[in-house]
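Student: can't give you the sequence, but here's the structure:
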Ligand code: SF4
């Protein structure tokens, strides 16, 4: 564990994110005067790092965490018995600049010196790089100006700046046909999967445990659908995305019921994209695919994550590589001409060679888009638990590098795809990013909308979050409870929350 004590309760999220990015294998705690600490072990432990915010300077002291590094400091100003290295930022030197970002630069530079590591996305935490690039493009800034800004303000590498700008430009083109004034997108959450993946942090429950209550779940969902279709009857539906979970965990009849209800409730004549996640190959049958196709679904995802059998077993996906291949060809046979595949880089035990083989196998299938994720260790996942239990040693088997990223990127290029959306999460393996690649015209529009927050997304179902985007860019959210039983029982309350959000 890395404990950072700070004399002020500010920027905790950024401090945590940056330290965690430099020490991914460690559990990180930021303690401030306002922290409530119940664990005596933490109380009694000396801090590994200390931040002292003063009137005109900030001092950052480090006790030398497993680094054994003896290199110099930014500026040693005082001796400290407890700490090996002391870094100082003289705030008065930075007058007129964004204080928070200047502080993040100072912390980043100190940690870079401490560890000898540079992060590809610099000090960017909690900000979407494409959002910065897109808003600067909208303000008429040139690519050079954006690159300079990302480099100087956020210490982003030249390669990542170029990627962010390329994607932002493509996103702007893709989003042009949307009905910005009156349009919205619809998200439906089906929170069931055949089994739970090791790294999963989504609202997802094994379908076998909920078989008896699926009808109740669909009843509740239909109540929400009725409410929204009524208050949004004058709005224009741009995209529909059914995710979860794995919606194809439902039976063919249940899917038919769900999609029939949607078609009867909303005007699909303006819809530009209708996606369903058919992610798990062990949930896909010809009958289900035929139901989706018959109802006009335009885009599906068949997600292998890896084409290495051993890894699939390790990460709790109880399907085979052959099932992925069969499901993919079945979808083509049924008529789908827009199929996405997701892969994850940095899965336990996987090396460059494994990623190469996965990409080669996917190339043979020739999907229309490929989403490349860098494994993110989410606190609520079984993987995070496993890492904690292993004392961090499991982290050594998570291997995501410039090389694996390059292999995936070049594979996508060979398949005729370009990057069209990008996002980053906390605790991502290698501190990289998730990138969606697609062939021309096969982009996932909803994926961009959810990231760039340009349009209202009405989300129905357990564990979903609705975002209302106002014309001035302001965003208000309302969430549904995650637990399926609570969602069913409290459906009227979920509707009431939406009524409040949309009442004017
Ligand atoms: S398929 Fe997706 S939602 Fe389902 S358990 Fe795996 S990661 Fe979670």
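Tutor: Ah, there it is. Keep in mind that what you see is a predicted model, and the values were worked out from it rather than measured.
Student: For residue 376, which non-adjacent residue is closest in space?
Tutor: Leaving aside its sequence neighbours, residue 376 sits nearest to residue 425 (Cβ to Cβ, 6 or more residues apart in numbering; 4.3 Å). Using the backbone N, CA and C atoms, a C-beta is placed for each residue, glycine as well.
Student: What is the burial count for residue 472?
Tutor: Neighbour count for residue 472, taken as other Cβ atoms under 10 Å: 5.
Student: how much space between it and residue 349?
Tutor: Separation of residue 472 from residue 349 (Cβ to Cβ, to the nearest Å) stands at 49 Å.
Student: Repeat that for residue 99.
Tutor: As judged by Cβ to Cβ, residue 99 and residue 349 stand 43 Å apart.
Student: Not counting residues beside it along the chain, what's closest to residue 245?
Tutor: In this structure, residue 245 finds its nearest non-sequential neighbour in residue 191, 4.3 Å apart by Cβ to Cβ, 6+ apart.
Student: Check the burial of the one you found by counting its neighbours.
Tutor: Residue 191: 25 surrounding residues under other Cβ under 10 Å.
Student: Who are the contact partners of it?
Tutor: By Cβ atoms under 8 Å, 6 or more residues apart in numbering, the residues touching residue 191 are 202, 203, 204, 205, 244, 245, 461, 462, 463, 482, 484.
Student: where does the closest residue to the last one other than its chain neighbours fall, helix, sheet strand or coil?
Tutor: In this case it means residue 484. Excluding the flanking residues, the one nearest residue 484 by Cβ to Cβ, 6+ apart is residue 462, at 5.2 Å. Put simply, residue 462 is coil when judged by DSSP: H, G, I helix; E, B strand; the rest coil.
Student: got a list of what residue 462 touches?
Tutor: Contacts of residue 462 (Cβ under 8 Å, 6+ apart): 189, 191, 203, 217, 480, 481, 482, 483, 484, 486, 487.
Student: which stretch of helix or strand covers the spatially closest residue to residue 304 that is not a sequence neighbour?
Tutor: Using Cβ to Cβ, 6+ apart and skipping the chain neighbours, the partner closest in space to residue 304 is residue 324 (4.4 Å). Here residue 324 sits within helix 321-334, counting by DSSP states H and E.
Student: Also residue 292?
Tutor: In the assignment (DSSP H and E), residue 292 maps to helix 286-294.
Student: Off-centre distance for stretch 178-187?
Tutor: Relative to its parent chain, stretch 178-187 has a centroid offset of 22 Å by Cα atoms, centre = their mean, to the nearest Å.
Student: And it, end to end?
Tutor: Terminal residues of stretch 178-187 lie 16 Å apart, using Cα to Cα, to the nearest Å.
Student: With stretch 195-208 instead?
Tutor: One end of stretch 195-208 to the other measures 9 Å (Cα to Cα).
Student: Give the rounded mean pLDDT of it.
Tutor: Stretch 195-208 shows a mean pLDDT of 93.
Student: Equivalent analysis for stretch 160-171, please.
Tutor: Summarised as a single mean, pLDDT over stretch 160-171 is 96.
Student: I'd assumed residue 435 was in a strand, is it?
Tutor: Yes: Residue 435: assigned to a strand according to three-state DSSP.
Student: I'd guessed it sits against residue 372; true?
Tutor: Yes: if you go by Cβ atoms under 8 Å, residue 435 and residue 372 touch, sitting 5.1 Å apart.
Student: between those two, which one's more packed in?
Tutor: Higher neighbour count among residue 435 and residue 372: residue 372, with 26 against 21, using other Cβ under 10 Å.
Student: Now do the SS call for that one.
Tutor: Here residue 372 is recorded as strand under three-state DSSP.
Student: On the three-state scheme, the nearest residue in space to it that is not next to it in sequence is what?
Tutor: Nearest in space to residue 372, with sequence neighbours left out and distances taken as Cβ to Cβ, 6+ apart, is residue 408 at 4.4 Å. Here residue 408 is recorded as helix under three-state DSSP.
Student: Would you agree residue 87 falls within a strand?
Tutor: Yes: counting by three-state DSSP, residue 87 is located in a strand.
Student: With the ligand as the reference, measure out to it.
Tutor: Distance of residue 87 to the ligand, given as Cβ to the nearest ligand atom, to the nearest Å: 39 Å.
Student: Next: residue 63.
Tutor: Applying Cβ to the nearest ligand atom, the value for residue 63 to the ligand is 37 Å.
Student: quick one: that residue from residue 41, how far?
Tutor: 17 Å.
Student: worst-scoring helix or strand of the protein, pLDDT-wise?
Tutor: Least confident helix or strand, the chain: helix 40-44 with a mean of 78, by mean pLDDT, DSSP states H and E.
Student: following it, which helix or strand shows up next?
Tutor: Counting by DSSP H and E, the next helix or strand C-terminal to helix 40-44 is strand 49-53.
Student: What residues of that next one count as buried?
Tutor: For strand 49-53, the neighbour count (16 or more other Cβ atoms under 10 Å) marks 49, 50, 51, 53 as buried.
Student: So which bits of the stretch 51-200 of the chain are right by the ligand?
Tutor: Contact residues, the stretch 51-200 of the chain versus the ligand (Cβ under 6 Å from any ligand atom): 193, 196, 197, 200.
Student: my read: the first one touches residue 203, true?
Tutor: No: between residue 193 and residue 203 no contact is recorded; they are 10.1 Å apart, counting by Cβ under 8 Å.
Student: Need the overlap of contacts for the two.
Tutor: The contact sets of residue 193 and residue 203 overlap at 244, 245 (Cβ under 8 Å, 6+ apart).
Student: Of these two, which one has the most company?
Tutor: residue 193 (25 against 22).
Student: May I have the beta-bridge partners of the more buried one?
Tutor: Residue 193 has the following beta-bridge partners by DSSP bridges: residue 206.
Student: circling back: turn the buried residues of strand 49-53 into a markdown table, columns for distance to residue 166 and pLDDT.
Tutor: Formatted as a markdown table, those follow (distance: Cβ to Cβ, whole Å; pLDDT from 0 to 100):
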| residue | distance to residue 166 | pLDDT |
| --- | --- | --- |
| 49 | 36 | 95 |
| 50 | 41 | 95 |
| 51 | 36 | 96 |
| 53 | 38 | 94 |
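Student: can you tell me which two in those are farthest apart?
Tutor: Within the buried residues of strand 49-53, 49 and 53 form the most distant pair, 13.6 Å apart (Cβ to Cβ).
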